[in-house]
Structure formats: C-alpha cells, structure tokens
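Asker: fold the following, please.
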Amino acid sequence: MDILERLNSGELYSCRDLPPEMKQQFVETQDLAHLYNQTLPSDSEKREEIIRRLIPDLGEHACIEQPLRLAYGHKLHIGDYFYANFNLTMVNEADIYIGNHVMFAPNVTISTTGHPVHYQLRPRAEQFSLPVRIGDYVWIGANVIILPGVTIGDHSVIGAGSIVTHDIPANVVALGTPCRVIREITGEDLIYDRKGHKALREE
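Answerer: Numbering: from 1, shown residues only. Model prediction:
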C-alpha cells in the first residue's frame, strides 16, 4: 500500500513522506484560503470566484463565511445549499463528504487525521487519516468537533459543543462529549421547537 492509498485507510504514514505534488497542493490551498479570508464580504463575485477555485467540488448556492481554514480543497466534496458560519476548520488529509442542505454553526472543526497514542510511534510525525461523511439536511451546532472516520446520517442534529467520536445514525438529535444520541426526530418537531413554541410559521 503506497502513501496515497494510506490517506483514506486508517493506516499509519508520515506526513514527511507525502509526494511533492501533494505538498504543492497544500501550499496552493493555503494561498487561496488566505485570499478568500482577506476578500471584502461585499465583494461577492470575487469571493465566489476564489471559493470555486479553492473547493472545485462545491455544490450550487453554497455560502461559507470567513474565516475558513482547510488543508486540501480538492479533498472536500460539498453538496448544494451548504451554509457554514464563521471559523470553519477542516484538517482533511482524507476526504470529507458533505451532503445537500447542510448547515454549520460557528467554530465547527472536522479532522480526518489523528496521531498514535504511544509516543514511540510519533518521532517521524506518524499519523492516520479516515474520511468523514455528513449526510443531507444535517445541522451541526456551534463549537462541534468531528473526529476521523465519523459518519453522520441524513437529517440529524449535532448539539453545540459536542465531540463526535463515532457514527451518528440518521434522523436523531445527538449531543455531548462524547456525542451520543438523545432522541429521534419525530413529527412533533414539525409543530413545536425545543422551547415549546410553534415551529411552523403561520402564512
């Protein structure tokens, strides 16, 4: 297994052994992210042009607030109608897949990469990477951290401040450190929000 195959496998590799073209892609991503973050919020055309270069596989009607930090733009795969609030951070040596109509609150961090626990395995910057997958219509609350290899199912809500260490199924509310399922999402959630107020607007 070569190093590029290891990047999505969970097998250990050293970032020092990444091929030159990948190191160049990292630098190019950092340059484009810097340009994006320095663009005036009112300059929507320039913002759109830069973000499309930064994340080639970005769906329609996406909005990502500044600042944005990421490792590799080509390893992001984002669906339509994506919204990310301020300070989204993605450590993505492996791929991140995000579905349609997904919302991120401020300060969300997604890391596809971790390091071995034992110190003797870390002198050469050994690490592992696993893809992260987020389904359609998912809402991620503020200050959530999503760790390597996690899948979050369609329609689910991740409560603010959660650390997601394992898969979360579809159609649930989950929160905590570590994140755990609290309840299913039901038809009642169409009628009342979490404070007991009517969820649907009266036309």
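Asker: what's the offset of the longest helix belonging to the chain from the middle of its chain?
Answerer: The longest helix of the chain (DSSP state H) is helix 20-38. On the basis of C-alpha atoms, centre = their mean, to the nearest Å, helix 20-38 sits 18 Å off its chain's mean C-alpha point.
Asker: show residues contacting that helix.
Answerer: Helix 20-38 is contacted by residues 4, 47, 50-51, 53-54, 66-74 when judged by C-beta atoms under 8 Å, 6 or more residues apart in numbering. The way it works is simple: take the backbone N, C-alpha and C, and place the C-beta from them, glycine included.
Asker: return the subset of these lying in helices.
Answerer: Counting by DSSP H, the contacts of helix 20-38 place 4, 47, 50-51, 53-54 in helices.
Asker: farthest-separated two in the residues you listed?
Answerer: The distance between the two most remote of the ones in helices among the contacts of helix 20-38 (C-beta to C-beta) is 31.4 Å, for 4 and 47.
Asker: so for stretch 35-55, mean pLDDT?
Answerer: Taken as a whole, stretch 35-55 has a mean pLDDT of 96.
Asker: can you check stretch 79-99 too?
Answerer: 97.
Asker: contact partners for the residue nearest in space to the middle of the chain?
Answerer: Centroid-nearest residue in the chain, with C-alpha atoms, centre = their mean: residue 110, separated by 4.4 Å. By C-beta under 8 Å, 6+ apart, the contact set of residue 110 is 89-92, 96, 132, 145-146.
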